[in-house]
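Engineer: The following comprises the amino acid sequence and a computationally predicted model.
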Amino acid sequence: MLKSWLVKRDFSVETATSVDQAKQLVKENSFDLILSDIRMPGSDGFALLSWVKKYDSDILVIMMTGYADIETAVASMKSGAVDYIAKPIDPELLFKKIDEAFVMQENRKKSMPLSNDFVKPPGAHYKRLFVALDRVLEENLHGLIIGERGTGKASAVKYIYEKGIHRSSPLEIFDVGSIDQPAISDLNKQGYEEEGLMNAFRLAKGGLLHIKGVDRLDLNSQNELIDILTKQVRGKGFTQVIMTTEKGLPELQRILLPKLFSIVKEDAITLPVLKGKRQEIAFFALHFLKFANQTLNKKVKTIDLRVQEACMQYDWPGNIQELKNCIFKAVLLSDGDHVKAELLSSLLGGKGLTDSPASVSMKTVQALRKENYEREKIQQALELTKGNKTMAASILNIDRKTLYNKIKQYNVTSN
């Protein structure tokens, strides 16, 4: 009955009969809202709610309960549910609560500063990446993150820390590259105890230890790390260790001790480079444009079509960090309400931007114009309805699923 009501209102719906089945669906799909019974076979709705809030705090949860369980439902709201509804369920009241939940979430997002760390762009590369990262944080695993300069290794560690179970405990960074002389293995002998790996591990107790540049550890420190990774007892006080490096697995195999390499390779995650990923580049450019406006108190609304095409053609050897720096500089130096082609050309040293507008294919121009037009119309509809996506979809004459997909595709907010 619930599913048929929701489908008639253009919701895309999946159903589960147990907490385990629901968790699997959440891992395999992108959900905006979960309607959950409190009482279910095996684990109850509280267990699912607790897991969802750790897995993806953006997913809204409305609890369904019998009249006698109202106190329990109120307790569930204190645990992170956005609302509850008593059985038997009135469909109109249900849709009212759903709309209110989405409006509440949108208003909360408006009041929050935009984050520039590790947003999720469209595309298969980043979808696989976030599945891997979520597994590490969900299962509280030690991990190795491999990535070229500027791909976001530190941001990936921060993502694991802030979304994982250690977020209220210390985050300790041990930067191997910042320690030159004496050799790391001699630190304890020379009175440098405060800089050694084991001391960093003690400072991170119960939290997360980020070992930056694990490939530069000397043999003695590698043996210490093996002990840390293999002898810890899971439970209270367990310290998660995330290592980062710019070296690939073949090179690490030559550098690290065989036992250490066999441990770290199991949960190694490689961050994608930006080169050639047109859709992701366009997404990040617009995201950083919004973040730069907020940070610099500017009002640069758009990016010139030629600039967008140039960004997508450029190789970005410095990856996401280089793109972010470029957009920030462009916003800072712009004297109007959009980033002009001439400005980007100077920032990139003339690379990626050709002299003639004719070099941008008509197909590309038409595609970019369509994206800009759709983005503007969606933005207007959301502003007109004060963030109510059901009403916005009706105004745009599209179903809710299509609207949600386009909001994610174009990184639209209703600010």
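Structural biologist: The structure has been received and is ready for your questions. Just so it is clear, the model here is predicted, and its values are computed rather than measured.

Engineer: which one is Ala268 nearest to, not counting chain neighbours?
Structural biologist: Closest residue to Ala268 apart from its sequence neighbours, by C-beta to C-beta, 6 or more residues apart in numbering: Leu144 at 4.4 Å. Backbone N, C-alpha and C define where each C-beta goes, glycine included.

Engineer: so how far is Ile173 from the residue nearest the centre of the chain?
Structural biologist: Nearest to the geometric centre of the chain sits Val119, at 4.0 Å (C-alpha atoms, centre = their mean). As defined by C-beta to C-beta, to the nearest Å, Val119 lies at a distance of 22 Å from Ile173.

Engineer: now the stretch 151-300 of the chain, which segments are flagged as low pLDDT?
Structural biologist: 178-195 (pLDDT under 70).

Engineer: Can you list the residue ranges for helices in it?
Structural biologist: 153-163, 197-203, 219-231, 249-255, 258-264, 278-296 (DSSP state H, counting those that start in this stretch).

Engineer: now the residue nearest to the centre of the chain, what's its secondary structure?
Structural biologist: Classification of Val119 using DSSP: H, G, I helix; E, B strand; the rest coil returns coil.

Engineer: and whatever helix or strand the residue nearest to Ala268 lives in, which strands flank it?
Structural biologist: Per DSSP states H and E, Leu144 falls inside strand 143-146. Within its sheet, and counting by DSSP bridges, strand 143-146 is paired with strand 240-245 (parallel), strand 268-270 (parallel).

Engineer: between those strands, which one is nearest to Gln24?
Structural biologist: For these, the distance to Gln24 is smallest for strand 268-270, at 21.3 Å, taking C-beta to C-beta.

Engineer: and the helix or strand Lys127 falls within, what does it pack onto?
Structural biologist: Lys127 belongs to helix 124-138 when assigned by DSSP H and E. In terms of contacts (3 or more C-beta pairs under 8 Å, 6 or more residues apart in numbering; DSSP states H and E), helix 124-138 is packed against helix 45-55, helix 153-163, strand 268-270.

Engineer: Give the residue spans of the stretch 1-150 of the chain that score low on pLDDT.
Structural biologist: Those would be 67-74, 106-117, if you go by pLDDT under 70 across the stretch 1-150 of the chain.

Engineer: Which stretches in it count as helices?
Structural biologist: Using DSSP H, counting those that start in this stretch, helices in the stretch 1-150 of the chain cover 2-8, 19-28, 45-55, 70-78, 91-111, 124-138.

Engineer: Can you tell me which of these is most buried?
Structural biologist: Most buried of these, by mean neighbour count (mean count of other C-beta atoms under 10 Å): helix 45-55, with a mean of 18.

Engineer: and the angle for that helix with helix 124-138?
Structural biologist: Put simply, helix 45-55 runs at 120 degrees to helix 124-138, going by axes from the mean of the first three to the mean of the last three C-alpha atoms, to 10 degrees.

Engineer: and helix 45-55, how far from the chain's centre?
Structural biologist: Put simply, helix 45-55 sits 19 Å off its chain's centre (C-alpha atoms, centre = their mean, to the nearest Å).

Engineer: before we move on, the earlier item: make a markdown table out of the strands paired with strand 143-146 and add distance to Arg400.
Structural biologist: Shown next, in a markdown table, are the strands paired with strand 143-146 (distance: least, C-beta to C-beta, whole Å):
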| stretch | distance to Arg400 |
| --- | --- |
| strand 240-245 | 38 |
| strand 268-270 | 33 |
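
Engineer: Nearest to Asp335, out of the ones you listed?
Structural biologist: Comparing these by C-beta to C-beta, strand 240-245 comes nearest, at 39.1 Å.

Engineer: Go through that closest one and flag the buried ones.
Structural biologist: Gln240, Val241, Ile242, Met243, Thr244, Thr245 (16 or more other C-beta atoms under 10 Å).

Engineer: Measure how far that strand is from the centre of its chain, please.
Structural biologist: For strand 240-245 - counting by C-alpha atoms, centre = their mean - the centre lies 18 Å from the chain centre.

Engineer: Could you count how many residues lie near Lys163?
Structural biologist: As a burial measure, Lys163 scores 19 neighbours (other C-beta atoms under 10 Å).

Engineer: List the contacts of Val307.
Structural biologist: Ala330, Val339, Lys340, Ala341, Leu344, Leu353 (C-beta atoms under 8 Å, 6 or more residues apart in numbering).

Engineer: can you tell me which of those are in strands?
Structural biologist: Among the contacts of Val307, DSSP state E puts Val339 in strands.
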